[in-house]
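1. Curious how this folds, go ahead:
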Amino acid sequence: MKLSGLSNDDLARQCAEDTARFHRHQLHDTVYCLELLRRALADGDHEAFARVYQIYEPQVLRWVYQHPRFADTSESAEYFANQALTSFYFALRGEKLARFETLPQVLTYLKLCVHSAIAQYVRKEQAVFLTELDADTVWDDSKAIGDDLQAAELWKHICELLPHDDDRLLARCVFVQALKPAQIARGYPDRWTTAREVSVALQRIRRHLRKDPLLRRYAGITTADPS
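-> Numbering: from 1, shown residues only. Below is the predicted model:
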């Protein structure tokens, strides 16, 4: 039977079974989950999304509990799961889902929504309101991305936004290694001869990254104009 001939309940049952097989490291298929997600997000089928929510909420809860900053919050895991799944829905509904070709890509985005929900909450609790991605408050409490192993997916996303090797290297130096422009210039004189050159390149990178909706949510930036 073609996927189009299956009901939402049939798709949800097959998707749940394949998800369980995945967690048991058994052979599984992804077509049923992808079709259910397509109906839920691309077609705006609320019944299908209710099934998606039911299937993936346990995994989202695990990601919440694993997040190193969850213990710093005063909310339940269910609260952040709801926030993440809601953001996930609004971010990928309609034609936006077409950007993702595989189920792992979709779930990686969902995991990033978990990070974003918790990061925003912690910042609000600490009354840290970011207005731009600047040198001192790029991520959480001026911590480098490399301090948070849970942010590996976020770094991968940044690399996709920065296709040029020099830009990726500069981003790694600043966001992962927390190096200053002068240190970068001394370490890579073949790419940047002065600290000013590094600063100019870094400003260009920040302007580019600041336009990305996912990074803006992760950084807690909610102002209207990303330019």
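
2. Quick check: what element follows the longest helix seen in the chain along the chain?
-> Using DSSP state H to define each element, the chain has its longest helix at helix 103-125. Sequence-wise, the next helix or strand downstream of helix 103-125 (DSSP states H and E) is helix 152-161.

3. Tell me if I'm right that residue 32 and residue 3 touch.
-> Yes - counting by Cβ atoms under 8 Å, residue 32 does reach residue 3; the two are 7.4 Å apart. (Each C-beta comes from the backbone N, C-alpha and C, glycine too.)

4. center of the protein, which residue is that?
-> The centroid of the chain falls nearest to residue 112 when counting by Cα atoms, centre = their mean (2.6 Å).

5. if I look at that one, how far off is residue 188?
-> Here residue 112 is placed at a distance of 29 Å from residue 188 (Cβ to Cβ, to the nearest Å).

6. State the number of residues packed around residue 19.
-> 20 (other Cβ atoms under 10 Å).

7. ok, it touching residue 30?
-> No - counting by Cβ under 8 Å, residue 19 stays clear of residue 30, with 9.5 Å between them.

8. picking up where we left off before, and the longest helix of the chain, average pLDDT?
-> Rounded to a whole number, the mean pLDDT of helix 103-125 is 85.

9. what angle do that helix and helix 152-161 make?
-> Interaxial angle of helix 103-125 relative to helix 152-161 (axes from the mean of the first three to the mean of the last three Cα atoms, to 10 degrees): 110 degrees.

10. May I have helix 103-125 exported as CSV, CA atoms only?
-> Output in CSV follows, covering the C-alpha atoms of helix 103-125 (Å, rounded to 0.1, in the frame of the first residue of the first chain):
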residue,chain,number,x,y,z
LEU,A,103,14.8,12.0,9.4
PRO,A,104,18.1,12.4,11.3
GLN,A,105,18.3,16.0,9.9
VAL,A,106,14.8,16.8,11.1
LEU,A,107,15.5,15.3,14.6
THR,A,108,18.8,17.2,14.8
TYR,A,109,16.8,20.4,14.3
LEU,A,110,14.3,19.3,17.0
LYS,A,111,17.2,18.7,19.4
LEU,A,112,18.5,22.2,18.7
CYS,A,113,15.0,23.5,19.6
VAL,A,114,15.5,21.9,23.0
HIS,A,115,18.9,23.7,23.5
SER,A,116,17.2,27.0,22.4
ALA,A,117,14.3,26.6,24.8
ILE,A,118,16.5,26.0,27.8
ALA,A,119,19.1,28.6,26.8
GLN,A,120,16.5,31.3,26.5
TYR,A,121,14.9,30.4,29.8
VAL,A,122,18.3,30.5,31.7
ARG,A,123,19.1,33.9,30.2
LYS,A,124,15.8,35.3,31.2
GLU,A,125,16.2,34.0,34.7
